[in-house]
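**Student:** Return a 3D structure for these sequence lines:
(chains A and B)
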Amino acid sequence: MIEIEQLYKRFGKNEVLKDLSLAFRQKGTISAILGPNGSGKTTLIKSILGMVLPTRGLIRAFGEDIRGRWAYRDKISYLPQIARFPENLRATELFDMVKDLRRRDARDKALIELFELEEHLQKPLAYLSGGTRQKVNLVLTFMYDNPVYILDEPTAGLDPLSIIRLKQLIRHEKEAGKIVLLTTHIMSLVEDIADEVVFLLDGHIHYRGSIPQLKADYQAPDVEQAIARLLAGEETTEKAFTLNPS
Amino acid sequence: MNKILKYSLYDLVRSRWMFFYFGFFLLFTLGLFWLSPDISKVAISMMNIILILVPLIATMFGLMYFYNSREFTELLLAQPIPRQHIFLGQYLGVAGSLSLSFLLGMGVPFLLYGLTASSDIGLFLTLLVSGVLLSFIFSGISFYIALKNDNRIRGFGLAILVWLLLAVAYDGFLLLGLAHFSDYPLEKYALGASLFNPIDLSRILILLKLDIAALMGFTGAVFKKFLGSNLGMIISLIVLLFWVLLPLWSIRRASLRKDF
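**Tutor:** Have a look, this model is predicted:
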């Protein structure tokens, strides 16, 4: 449903994505897009959403070239990395705005209950804590039943209980046959819910494979170890250092 | 675009800064009336405030709003709407709420002090129109600068520079040039030069309405001499409207090419 061919993106002199080709076609799959900081994860996601305009290359969503298009975004739900909203709006008004923009049946009530947001709905968004704002962000993302979900660091700032509910929610979408793309730095989350791993390094796809495959390829007991071994070919994972001034 | 405008207005009319801006105009105008209840005198004092302060506040507020809502803009960009609508909606929200604060803050005292019974209603309306046009023009310029500069410090620096140039330095340079080439007939050049500065144009618009040649400065006098009061006002108004459209067009263009 999402196909990327020879995607190349440069910011000034900084090459972020280097002729990357990738497709997500299998329904009911959770793909974790991993990679060190600055490897191009967010740029890749933002390119799919049309927020970053590729220097060259082709992106197709639901069979259509997305260049200059916007209607296709109605079928994609996106969770941005940083949850910051207009300070003087209330959460309800924010939900109303997105409903106003999308004009389809939304399931915000059930999600507000799931994340226990009722008491925060009428407060200005500036007064909400970081974790609560992330829950508002999650409601905004999951309130539409879409074939594709793109989640950038979904667990940022959440308490353990909310993380459990979020995982439940993501699994539910997977079972409903959705394509879920997520970026995270938390390997246990990947281990728990992801079906496959796409590992980016310096704007290339360094590795792609299912979780069992990844563990087998690197003979590791868990994903964290596997990723560590995967990176060990590139650099040493643990470094000796001293913090005391000599 | 209307939806974005609606919700950015919801946000902005509750903002503390808008309230301060409204309060400032209200207290300042009331203060002037307290000093002298003569409507035309108060209007002339307000003219200078409008010409200097409205562009400055519109520029700074536009930048602040744009940079502060960067993450929210990303959320909007992921929605199924054309991206230029997001920025045009936000821009209209900022320009609209600034204009509203200005109109209410200045309008209420004038009405309280018997504007409707006085003959100066035309002058008052000219002041309102220039203030609103300047709010639109300068918040548009600031939006364009913010779209082009991701670095906030650079954005603010550039915006201050533009404001200084148009509000303060432009007249100085113009006079310097005119004095230097005073042996040549430069009236028409001066006329042309004032078209490139919206603040100068607003000043001419108000002064032509006031009909006091002594206060007009060089470009104003030239306008009056060549075009007469009415034609001069119509031309300056048309050029000011063009000045509103220019940033609007640039915002649209810049928003279509930008990475977020």
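**Student:** Against which helices or strands is the longest helix seen in chain A packed?
**Tutor:** Scanning chain A for the helix with the most residues, using DSSP state H, yields helix A:160-175. Where contact means 3 or more C-beta pairs under 8 Å, 6 or more residues apart in numbering or on different chains; DSSP states H and E, helix A:160-175 is packed against strand A:29-34, helix A:108-114, helix A:130-142, strand A:148-152, strand A:179-183, helix A:187-193. C-betas here are computed from N, CA, C, even on glycine.
**Student:** Determine which of these approaches residue A:211 most closely.
**Tutor:** If you check each of those against residue A:211 by C-beta to C-beta, helix A:187-193 wins as the nearest, at 7.0 Å.
**Student:** Could you report the distance from residue B:236 to residue B:14?
**Tutor:** Distance, residue B:236 to residue B:14, using C-beta to C-beta, to the nearest Å: 35 Å.
**Student:** ok, the two, which is more surrounded?
**Tutor:** Counted by other C-beta atoms under 10 Å in any protein chain shown, residue B:236 and residue B:14 do not tie: residue B:236 has more neighbours, with 26 against 16.
**Student:** does any part of the host helix or strand of the more buried one sit near chain A?
**Tutor:** Per DSSP states H and E: residue B:236 is located in helix B:217-257. Yes - using C-beta under 8 Å from any C-beta of the partner chain, helix B:217-257 reaches chain A at residue B:257.
**Student:** hmm, back to that, which of the helices and strands packed on helix A:160-175 sits closest to residue B:93?
**Tutor:** helix A:130-142 (19.9 Å).
**Student:** buried stuff in the closest one?
**Tutor:** Judged by neighbour count using 16 or more other C-beta atoms under 10 Å in any protein chain shown, the buried positions of helix A:130-142 are A:132, A:133, A:134, A:135, A:136, A:137, A:138, A:139, A:140, A:141, A:142.
**Student:** quick one: is that helix near chain B?
**Tutor:** Yes - interface with chain B: helix A:130-142 contributes residue A:140 (C-beta under 8 Å from any C-beta).
**Student:** and the helices and strands packed on helix A:160-175 as JSON lines, adding mean pLDDT?
**Tutor:** As requested, the helices and strands packed on helix A:160-175 are arranged in JSON lines below (pLDDT from 0 to 100):
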{"stretch": "strand A:29-34", "mean pLDDT": "94"}
{"stretch": "helix A:108-114", "mean pLDDT": "90"}
{"stretch": "helix A:130-142", "mean pLDDT": "92"}
{"stretch": "strand A:148-152", "mean pLDDT": "94"}
{"stretch": "strand A:179-183", "mean pLDDT": "94"}
{"stretch": "helix A:187-193", "mean pLDDT": "91"}
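**Student:** Now distance to residue A:63 too, for those, in CSV please.
**Tutor:** Converted to CSV, the helices and strands packed on helix A:160-175 look like this (distance: least, C-beta to C-beta, whole Å):
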stretch, distance to residue A:63
strand A:29-34, 18
helix A:108-114, 30
helix A:130-142, 24
strand A:148-152, 13
strand A:179-183, 14
helix A:187-193, 28
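**Student:** any weak-confidence spans in the chain?
**Tutor:** Picked chain A for this. By pLDDT under 70, the weakly predicted segments of chain A are A:233-238, A:246.
**Student:** You answered for a different chain; I wanted chain B.
**Tutor:** By pLDDT under 70, the low-scoring segments of chain B are B:211-220, B:227.
**Student:** List, one by one, the residues from chain A near chain B.
**Tutor:** So chain A meets chain B at A:11, A:46, A:49-53, A:70-74, A:76, A:78, A:80, A:82-89, A:93, A:97-98, A:100-102, A:124, A:140 (C-beta under 8 Å from any C-beta).
**Student:** Only the buried members of those residues: can you turn that into a PyMOL selection?
**Tutor:** Selection of buried members from these for PyMOL, criterion 16+ other C-beta under 10 Å:
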select buried, chain A and resi 46+49+50+51+52+70+72+73+74+76+78+80+82+83+84+85+86+87+88+89+93+97+98+101+102+124+140
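**Student:** Please flag which of the residues of chain A next to chain B sit within helices.
**Tutor:** A:46, A:93, A:97, A:98, A:100, A:101, A:102, A:140.
**Student:** isn't the second one right next to residue B:6, touching?
**Tutor:** Going back to what we said before, that points to residue A:93. No - when contacts are counted by C-beta atoms under 8 Å, residue A:93 is not listed as touching residue B:6 (10.0 Å).
**Student:** and residue A:5, how many neighbours?
**Tutor:** Quick note: residue A:5 (other C-beta under 10 Å) scores 13 neighbours.
**Student:** That one - that's part of a helix, no?
**Tutor:** No - checked against DSSP: H, G, I helix; E, B strand; the rest coil, residue A:5 lies outside a helix; its state is strand.
**Student:** how close does it get to residue A:174?
**Tutor:** Taking C-beta to C-beta as the measure, residue A:5 falls 26 Å from residue A:174.
**Student:** Over to residue A:54?
**Tutor:** 28 Å.
**Student:** Tell me which residues touch residue B:233, please.
**Tutor:** Neighbouring residues of residue B:233 by C-beta atoms under 8 Å, 6 or more residues apart in numbering or on different chains: B:205, B:208, B:209.
**Student:** and what of residue B:76?
**Tutor:** Taking C-beta under 8 Å, 6+ apart as the test, what residue B:76 contacts is B:4, B:86.
**Student:** for the one 5 residues further on, same thing?
**Tutor:** For residue B:81, the set of contacting residues under the criterion of C-beta under 8 Å, 6+ apart consists of A:70, A:101, B:4.
**Student:** Quick check on it: phi, psi?
**Tutor:** The phi and psi values for residue B:81, taken as degrees, to the nearest 10, are phi -140, psi 150.
**Student:** and the residue of the stretch 101-250 of chain B found nearest chain A, helix, strand or coil?
**Tutor:** The nearest approach of the stretch 101-250 of chain B to chain A comes at residue B:150, 10.2 Å away (C-beta to the nearest C-beta). Secondary structure state of residue B:150, per three-state DSSP, is coil.
**Student:** what about it, distance to residue B:70?
**Tutor:** Residue B:150 is 9 Å from residue B:70, by C-beta to C-beta.
**Student:** got it, and residue B:77?
**Tutor:** Per C-beta to C-beta, residue B:77 is found 11 Å from residue B:70.
**Student:** With residue B:30 instead?
**Tutor:** According to C-beta to C-beta, residue B:30 and residue B:70 sit 37 Å apart.
**Student:** Kindly report the same for residue B:46.
**Tutor:** Residue B:46 is 35 Å from residue B:70, by C-beta to C-beta.
**Student:** So between those two, which is more surrounded?
**Tutor:** Neighbour count, other C-beta under 10 Å: between residue B:46 and residue B:70, residue B:46 has more, with 23 against 14.
**Student:** Now do the contacts for the more buried one.
**Tutor:** B:29, B:32, B:106, B:127.
**Student:** Who wins on neighbours among the residues you listed?
**Tutor:** Ranking the contacts of residue B:46 using other C-beta under 10 Å puts residue B:127 first, with 27 neighbours.
**Student:** And for residue B:116, the neighbour number?
**Tutor:** Around residue B:116 there are 8 residues (other C-beta under 10 Å).
**Student:** for the one 10 residues further on, same thing?
**Tutor:** Residues contacting residue B:126 under the criterion other C-beta under 10 Å number 22.
**Student:** Give the buried residues for whatever helix or strand it lives in.
**Tutor:** In the assignment (DSSP H and E), residue B:126 maps to helix B:121-148. Neighbour-count burial for helix B:121-148, with 16+ other C-beta under 10 Å as criterion, is recorded at B:123-124, B:126-147.
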